[in-house]
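> quick check, what structure comes out for this input:
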Amino acid sequence: MRHQLKIPENADLYKRRSATVEPVIAHLKDQTKLRRFARRGLQAATAELNLAAAVINLTRLHHANPATG
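Just a heads-up that it's a prediction; the model follows:
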């Protein structure tokens, strides 16, 4: 990894990844307690991850638009 990061373009890409991808994954792991997947296989794990992301998005929508009336 050190060898790859010596190249300026790779270092810039890695820096951008840590700013865009890592917070989302950390938020999912923290808010939904998604530390490990309950199901086996790539398709099942992907479905579980999509469900966790949907839960986070619905929770955000619920808190952003409180019911009026």
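> quick check, pLDDT for residue 68.
pLDDT, residue 68: 57.
> leaving out sequence neighbours, find the closest residue to residue 32.
Closest residue in space to residue 32, ignoring its immediate chain neighbours: residue 52 at 4.7 Å, by Cβ to Cβ, 6 or more residues apart in numbering. Every residue, glycine included, has its C-beta placed from N, CA and C.
> for the longest helix along the chain, give the mean pLDDT please.
Across the chain, the helix with the greatest residue count (assigned by DSSP state H) is helix 42-64. For helix 42-64, the mean pLDDT works out to 88.
> residues touching residue 35, list them.
Shown here is residue 35, whose contacts under the criterion Cβ atoms under 8 Å, 6 or more residues apart in numbering are residue 29.
> got the phi and psi for it?
The main-chain torsion angles of residue 35 are listed as degrees, to the nearest 10 and equal phi -90, psi -30.
> swap in residue 37?
Dihedral angles for residue 37 - degrees, to the nearest 10 - are phi -80, psi 150.
> pLDDT value on it, please?
Residue 37 carries a pLDDT score of 84 in this model.
> what about the spatially closest residue to it that is not a sequence neighbour, neighbour count?
Distances taken as Cβ to Cβ, 6+ apart place residue 45 nearest to residue 37, at 4.4 Å, with adjacent residues excluded. Close neighbours of residue 45, defined as other Cβ atoms under 10 Å, add up to 14.
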